[in-house]
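1. Got a predicted structure here, sequence first:
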Amino acid sequence: NTVSDDDSNDQRSETHSPAMTILRTLLVLLALATTAACATSTQLYSPGPSTLGAEPVTDFDRYVESVKAYVDTNLVPVYGFEREQQVQWNLPYRLAPAADCSSGDRTGILLVHGLSDSPFVFRDLARYLADQCVEVRTLLLQGHGTRPGDMVTASAEVWREQVRNHFIALSQEVDRAFIGGFSLGGALATDYALSETGPRPAGLIAVAPAWQLNGLRDYLWLAPIADVFADFVEKEPELNPVKYESFSFNAGSQIGDVISAAQGRIVQQESSDMPLFLAATEADSVINLDYLITQFRERFTNPGNAMVIFRDTRTPWPNAQADERIRFLNSYLPDANILEFSHQSLLIAPNNELYGLGAPLQRCLEPNNISLEGCRQLPEEDLWFSAWHDTERPVYTSRLTYNPWFDDLAEAVGTFIQANESGEAP
């Protein structure tokens, strides 16, 4: 919850100068750092004995085996799940097109996961796309999939090189290669797609990409300063076997680097013809939706581009942001106790084995303004689901972990890929 909405920023007194705001923020970060430095170091929050590099990918199966050895060595397992299962959940994978697909021209896509996350987040979309005759590949970014301590030494430059090497390898084995990503991975995919430093993707698929953040976006530059004093902003209980909850100062520093690079690529594009599919939720506590919409409408001008926004459709959409390429799906679903969609929910199908309805992580993974135990004791009808927030709501909420409209989102992604295979607009 470190990167989140901070509505109180807009409500500060006008007598507080920007310099004083920055000074106060730095003092808070340093206070957090000092507290963390005094805490007892544990295996969970220290880097493991092995690390991932960004070597060229000459054989994907060998790559997976090398990552498995790394994860097996560094993993500090989360309580309540079998260790070997956790290793498998965090590994990168390749899904071949379904058996009944033709043997003609081949289409592939590289999918890049988000910060503190793992390739598991793409499992549902990958299965759908493979059934649509698309080869899907994922990768594990350095510092991920093992223990929060491995994020202490992770590098944005290594992430970029990993993405580049994996896309080059994919493009050499298929006739049309797309690139896509979620959150941090969406920004890394964007950076590569617009860089012109390697094979050009046939299209870019960005789900809640970290092009600009809410809340702490103005203070990410402070993270390297605080990093001198300690490793972690917060050490959270780790309940999720495929995503870290704890957040390191270095993670903030590296995502700041990635966002800066992606924004630099975007603003250089007065009118990009790169085919783009974009998806986001209006209630996202992490990503600045207005920034995404502005760049989509003003810079990504390909008429075949498409955007899906999950929002409360009871409220009219502003005319100033109207665009016939934008589609809306209702995120207020009271029959399912859903107030709004969260950042993390978008790529998860309702039958997902960890995050889906009735799955181990679906209820009370990240409750808002209520303790974990208090959340678990609530009757089913009293718990609602939403994005992360730190403001009071009329009902108890926990972060939504799945997307009731997943099939619609997956179909929209598939339609976009098919249209850009043939060169036709969707």
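-> Arrived safely.

2. Just give me the neighbour total for the residue nearest to residue 56 when sequence neighbours are not counted.
-> Excluding its sequence neighbours, the residue lying closest to residue 56 (CB to CB, 6 or more residues apart in numbering) is residue 165, at 5.2 Å. From N, CA and C alone the C-beta is placed, and that goes for glycine too. Applying other CB atoms under 10 Å, we find 19 residues neighbouring residue 165.

3. Could you shift the numbering so residue one becomes 16, and keep it that way?
-> With 16 as the first residue, the last one maps to residue 180.

4. any idea which element residue 180 lies in?
-> helix 171-186 (DSSP states H and E).

5. ok, and what's touching that helix?
-> Identification of contacts with helix 171-186 by CB atoms under 8 Å, 6 or more residues apart in numbering yields 67-73, 75, 123-125, 127, 150, 152, 154, 156-157, 192, 194, 199, 203-204, 206-207, 212-214, 216, 269-270, 272-273, 276.

6. Now list the buried members of the residues you listed.
-> Using 16 or more other CB atoms under 10 Å as the burial test, the contacts of helix 171-186 include 67, 69, 72, 75, 123-125, 127, 150, 152, 154, 156-157, 192, 194, 199, 203-204, 206-207, 216, 269-270, 272-273, 276 as buried.

7. Among those residues, name the ones in strands.
-> 123, 124, 125, 127, 150, 152, 192, 194 (DSSP state E).

8. list the contacts for the third one?
-> If I follow you right, that is residue 125. By CB under 8 Å, 6+ apart, the residues touching residue 125 are 152, 153, 154, 178, 181, 182, 185, 192, 193, 194, 195, 204.

9. now do residue 78
-> Residue 78 sits next to 72, 107 when contact means CB under 8 Å, 6+ apart.

10. so which strand or helix has it?
-> helix 75-89.

11. Give me the buried stretch members for that helix, please.
-> Residues of helix 75-89 classed as buried: 75, 78, 79, 82, 83, 85, 86, 89 (neighbour count, 16+ other CB under 10 Å).

12. got the CA coordinates for it in CSV?
-> The C-alpha coordinates for helix 75-89 follow below in CSV (Å, rounded to 0.1, in the frame of the first residue of the first chain):
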residue,chain,number,x,y,z
PHE,A,75,13.6,-20.6,-23.3
ASP,A,76,13.4,-24.0,-21.6
ARG,A,77,16.9,-23.6,-20.3
TYR,A,78,16.0,-20.1,-19.1
VAL,A,79,13.1,-21.5,-17.1
GLU,A,80,15.4,-24.1,-15.6
SER,A,81,17.9,-21.5,-14.5
VAL,A,82,15.2,-19.4,-13.0
LYS,A,83,13.8,-22.4,-11.1
ALA,A,84,17.2,-23.0,-9.6
TYR,A,85,17.3,-19.3,-8.5
VAL,A,86,13.8,-19.3,-7.0
ASP,A,87,14.4,-22.6,-5.3
THR,A,88,17.6,-21.2,-3.7
ASN,A,89,16.3,-17.8,-2.7
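
13. Measure how that helix sits relative to helix 171-186, angle-wise.
-> 150 degrees (axes from the mean of the first three to the mean of the last three CA atoms, to 10 degrees).

14. What average pLDDT does helix 75-89 get?
-> Taken as a whole, helix 75-89 carries a mean pLDDT of 97.

15. Quick check: next helix or strand after it?
-> Criterion used, DSSP H and E; the element after helix 75-89 is helix 98-105.

16. residues in contact with that next one?
-> 83, 86-87, 90, 92-93, 133-135, 155, 159-161, 256-257, 369.

17. tell me which of those residues is nearest to residue 141?
-> residue 134 (8.5 Å; CB to CB).

18. got the contact list for the closest one?
-> 105, 106, 107, 108, 126, 128, 153, 154, 155, 160.

19. So for the last one, what pLDDT did the model give?
-> In other words, residue 160. At residue 160, pLDDT is 97.

20. burial count for it?
-> For residue 160, the count of nearby residues is 30 (other CB under 10 Å).

21. If we ignore the residues flanking it in sequence, what's nearest it?
-> Per CB to CB, 6+ apart, closest to residue 160 is residue 105, 3.5 Å.

22. Distance check, the one you found against residue 268.
-> Look at residue 105 and residue 268: by CB to CB, to the nearest Å, they are 23 Å apart.

23. and if you look at residue 182?
-> Taken as CB to CB, the span from residue 182 to residue 268 is 25 Å.

24. So for the two, which sits in the more crowded spot?
-> A side-by-side neighbour count of residue 182 and residue 268, using other CB under 10 Å, places residue 182 first with 27 against 20.

25. What score does that one have for pLDDT?
-> 98.

26. what's the neighbour count on the residue nearest to residue 160?
-> With other CB under 10 Å as criterion, residue 105 counts 24.

27. Going along the chain, name the helices of the stretch 216-365 of the chain.
-> Taking DSSP state H, counting those that start in this stretch as the test, the helices found in the stretch 216-365 of the chain are 238-242, 264-282, 304-313.

28. Residue 414 is nearest to which of those?
-> For residue 414, the closest of the helices of the stretch 216-365 of the chain is helix 304-313, at 17.3 Å, according to CB to CB.

29. got the buried residues for that closest one?
-> In helix 304-313, counting by 16+ other CB under 10 Å, buried: 304, 306, 307, 308, 310, 311, 312.

30. and it, what does it pack onto?
-> strand 291-296, strand 321-326 (3 or more CB pairs under 8 Å, 6 or more residues apart in numbering; DSSP states H and E).

31. go again using 10 Å as the cut-off
-> Where contact means 3 or more CB pairs under 10 Å, 6 or more residues apart in numbering; DSSP states H and E, helix 304-313 is packed against helix 264-282, strand 291-296, strand 321-326, strand 341-345.

32. Comparing these, which comes out most buried?
-> The highest mean neighbour count among the helices and strands packed on helix 304-313, using mean count of other CB atoms under 10 Å, belongs to strand 291-296: a mean of 26.

33. I'm done for today, thanks for sticking with me.
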